[in-house]
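Participant: What shape does this take:
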Amino acid sequence: QVQFVESGGGLVQPGGSLRLSCAASGTIFSFYAMGWYRQGPGKQRELVAAITSGGTLNYADSVKGRFTISRDNAKNTVYLQMNSLKPADTAAYYCNAQLLPTAQAIPLFDWGQGTQVTVSS
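Facilitator: This next block holds a predicted model:
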């Protein structure tokens, strides 16, 4: 079993930036693609960005050009740099492992507690 601890969320004004981190337990982190997901109020959880162990990237259309996903396999950590934030980005953000970096891929493990991002003036 792999466990995730997300951090870095907070309250930010529109146009601002945040950097989220997700630390994963276990030694098998580097074998999986990793995804950042978000769930806004009254909405289903959706994939925001994903990265394979080899560095292949995938982004939701709504965040392309604004968000950047990266990973450090030595630290078992995946990051999400979020720039030009909008109120529509307000959500709880989660990470998980998956076999493919696609929105159709099934998250493999239990969800962590997430980190809340609120974009508001």
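Participant: Distance check, the most centrally placed residue in the chain against L99.
Facilitator: By CA atoms, centre = their mean, the chain has its centre lying nearest to W36, at 2.1 Å. Computed as CB to CB, to the nearest Å, the W36 to L99 distance reads 16 Å. Every residue, glycine included, has its C-beta placed from N, CA and C.
Participant: ditto for Q13
Facilitator: Distance of Q13 to L99, given as CB to CB: 37 Å.
Participant: Who has more neighbours out of those two?
Facilitator: Counted by other CB atoms under 10 Å, Q13 and L99 do not tie: L99 has more neighbours, with 13 against 10.
Participant: isn't the more buried one right next to Y32, touching?
Facilitator: Yes. Contact criterion CB atoms under 8 Å: L99 and Y32 qualify, at 7.1 Å.
Participant: Find the residues that touch each one of those two.
Facilitator: Residues touching both L99 and Y32 (CB atoms under 8 Å, 6 or more residues apart in numbering) are L108.
Participant: related to what we said a few turns ago, surely the residue nearest to the centre of the chain touches Q81?
Facilitator: No. Using CB under 8 Å as the test, W36 is too far from Q81 to be in contact (10.5 Å).
Participant: okay, and the common contacts of these two?
Facilitator: 67, 69.
Participant: any weak-confidence spans in this protein?
Facilitator: For the chain, applying pLDDT under 70 flags the ranges 27.
Participant: so where do the strands sit in it?
Facilitator: Counting by DSSP state E, the segments of the chain that form strands are 4-7, 10-12, 18-24, 33-39, 46-51, 57-59, 67-72, 77-82, 91-98, 115-119.
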